[in-house]
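Peer 1: Give the three-dimensional model of this entry:
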Amino acid sequence: MNKFLSYAGLVGWLLVAIFSAALYSAYFKINCAFMSSWIFCHTPLSGNLKLVSFGLIFIFIASLIVSGYFLWKNHQAELLKKSWLVLAGISVFLAIITVPFGSSDTSYYFSAGKAMQNNLNPFVDEWIFKRDFVSPVRVEPVVGFSYGPIMAVIFKDLYKISFDNPAVFIVLWKLFLTAILILVGWVVYRLLEIQEIKISRSVFLSFWILQPLLLFEVLVNGHFDVAWLLCVLLAIWAAWRSKWWLVIPLLVIGVWVKFLPILVAPFFVVWWWQETTVLTWKKQLSQALVGSLLSIAITIFYWHGLWQGFKVFDLIAMQSKWAADSVFAVIYYSLKPLFVWLLHDRAHWFLTRLVQGGLLALMIYLFWPYLKKIVLILLKKYTMTAESYLQMIFFGLFLYLSLWQKSFWPWYVAWLIPLGILVYERSRNILLGRALVWLSLSPLVFYPLWLFNWYVRGTDAVGELWFEQLFVMLVWAYPLYIFYKLRKMDFKLE
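Peer 2: Next comes the predicted model:
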């Protein structure tokens, strides 16, 4: 029975893909407002169509959660490898043809590519962000760009071959992300091989591709976090092989995709320092020099014509202060009325520092076993295995995302899934496995909750305290509890 429940997601994919296919004549004519009324073209929806739309998304998300859970339970079953490959292929095809849900990010990518094609610098010039597939179509001026220069160049190149049609652009973008998603799965499998973990390649790649959150967020909604994750995973592979000349440019490429590899770069520095000894320092320094020179060349190539000083990061700096759907946001906005009553104009200053200070202290406490090891490694009094570095990177990124990241969206959990799989498959720790299953499935509840509120109250639940409290508790309470239990064990997973 469990094996058949692993296929439950196919029911949901068939439903939404069939409805999406019915929209395609209007879709390519840019005459379809599915962003406003998924999965129908017109808006506003009648009461009956709202009910149908909510029913579809509820069945769809429920089927993904059920199939995802049983995929985790059965992913090492060799008997399933042929049927899983077929299921993975069908699911990828259906995800590609399913129209995006609730996110205008793909329109943002298209508009940025168009601005680049018109010789505008999206980092500093004012350019037009046109939100297609909503009703009425929204057009707004933007100054600044949310990603790195590599993505700006990629968006420009895809725009050139999209015939100025956002629907064509989205299809091309999804095909590009499909290739990246499969490549990330292959790199994860190679890292499992390095650790001498025995698992069928076809079973693992099928299991990876069928991850519900990845299929929905990457291939439906078009979020490209897998692109910088590919760079980080390749950097881990290179560090495992002591190819430091390759680690540095891989991380730099990831940074110029979406800046986030900056978060894990310090762990690689510690790893490099551990391998630098009296006997190896010449080789380590020469590799670091070669890697740095390659990184400088990559940086110059992609920033050429775009770099206008550090003001190119103004939008990123501003966005880093925005708080929504995060632990920080829930604590801050829950306490804000009290602090305004007590401190009036000074409430924000004191409350921000109190919440950030408290979360920082909690992070230091939870990460303390690794912090002690890092200090000892820097003093040349301790060494860690490559597997331990992988664990440290995963748990460090988990802490950052769960406690420090001020704004959180469901697709951000994609940051943790490949690293979590690598750590879990090595340790087979039951607690870690439970947390990973929870993290890979629970963010999907965002969508039916958000849509139900939208249809009933006609308001956007994002930014409303009740919604943020509910969503944050659903996603993070259980994994943080498990993280606490693992920390009490000093992260000894085996």
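Peer 1: got the buried residues for the top helix by length along the chain?
Peer 2: Across the chain, the longest stretch assigned as helix under DSSP state H is helix 347-378. Across helix 347-378, burial judged by 16 or more other CB atoms under 10 Å covers 347, 351, 355, 359, 362-363, 366-367, 369-370, 373-374, 377. All C-beta atoms are positioned from the backbone trio N, CA, C, and that covers glycine.
Peer 1: could you dump the residues you listed to a markdown table with distance to Leu5?
Peer 2: Compiled in a markdown table, the buried residues of helix 347-378 are given as follows (distance: CB to CB, whole Å):
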| residue | distance to Leu5 |
| --- | --- |
| Ala347 | 50 |
| Leu351 | 46 |
| Val355 | 41 |
| Leu359 | 38 |
| Leu362 | 37 |
| Met363 | 37 |
| Leu366 | 35 |
| Phe367 | 37 |
| Pro369 | 38 |
| Tyr370 | 37 |
| Lys373 | 41 |
| Ile374 | 43 |
| Ile377 | 45 |
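Peer 1: Can you add pLDDT and distance to Lys29 and give the residues you listed back as JSON lines?
Peer 2: Converted to JSON lines, the buried residues of helix 347-378 look like this (pLDDT from 0 to 100; distance: CB to CB, whole Å):
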{"residue": "Ala347", "pLDDT": "91", "distance to Lys29": "51"}
{"residue": "Leu351", "pLDDT": "94", "distance to Lys29": "49"}
{"residue": "Val355", "pLDDT": "96", "distance to Lys29": "48"}
{"residue": "Leu359", "pLDDT": "96", "distance to Lys29": "48"}
{"residue": "Leu362", "pLDDT": "96", "distance to Lys29": "52"}
{"residue": "Met363", "pLDDT": "96", "distance to Lys29": "50"}
{"residue": "Leu366", "pLDDT": "96", "distance to Lys29": "52"}
{"residue": "Phe367", "pLDDT": "96", "distance to Lys29": "52"}
{"residue": "Pro369", "pLDDT": "95", "distance to Lys29": "58"}
{"residue": "Tyr370", "pLDDT": "96", "distance to Lys29": "54"}
{"residue": "Lys373", "pLDDT": "96", "distance to Lys29": "59"}
{"residue": "Ile374", "pLDDT": "97", "distance to Lys29": "56"}
{"residue": "Ile377", "pLDDT": "97", "distance to Lys29": "59"}
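Peer 1: wait, which of those residues is closest to Gly148?
Peer 2: Gly148 lies nearest to Met363 out of the buried residues of helix 347-378, by CB to CB, at 26.0 Å.
Peer 1: Do I have it right that that closest one meets Leu401?
Peer 2: No: contact criterion CB atoms under 8 Å: Met363 and Leu401 do not qualify, at 11.2 Å.
Peer 1: Please name the spatially closest residue to Trp411 (chain neighbours excluded).
Peer 2: Spatial nearest neighbour of Trp411, excluding adjacent residues (CB to CB, 6 or more residues apart in numbering): Glu217 at 3.7 Å.
Peer 1: Neighbours of that neighbour, how many?
Peer 2: 27 (other CB atoms under 10 Å).
Peer 1: can you pull the contacts of it?
Peer 2: Glu217 makes contact with His223, Asp225, Pro410, Trp411, Ala414, according to CB atoms under 8 Å, 6 or more residues apart in numbering.
Peer 1: Columns neighbour count, distance to Leu15 and secondary structure on top of those residues, output as JSON lines?
Peer 2: Listed next are these as JSON lines, based on neighbours: other CB atoms under 10 Å; distance: CB to CB, whole Å; DSSP: H, G, I helix; E, B strand; the rest coil:
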{"residue": "His223", "neighbour count": "22", "distance to Leu15": "22", "secondary structure": "coil"}
{"residue": "Asp225", "neighbour count": "22", "distance to Leu15": "26", "secondary structure": "helix"}
{"residue": "Pro410", "neighbour count": "22", "distance to Leu15": "20", "secondary structure": "helix"}
{"residue": "Trp411", "neighbour count": "22", "distance to Leu15": "21", "secondary structure": "helix"}
{"residue": "Ala414", "neighbour count": "22", "distance to Leu15": "23", "secondary structure": "helix"}
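Peer 1: tell me the two of those residues that are most distant?
Peer 2: Greatest spatial distance among those (CB to CB): Asp225 and Pro410, at 11.1 Å.
Peer 1: which residues of the stretch 51-200 of the chain fall in helices?
Peer 2: Assigned by DSSP state H, counting those that start in this stretch, the helices in the stretch 51-200 of the chain fall at 81-97, 105-117, 149-160, 166-194.
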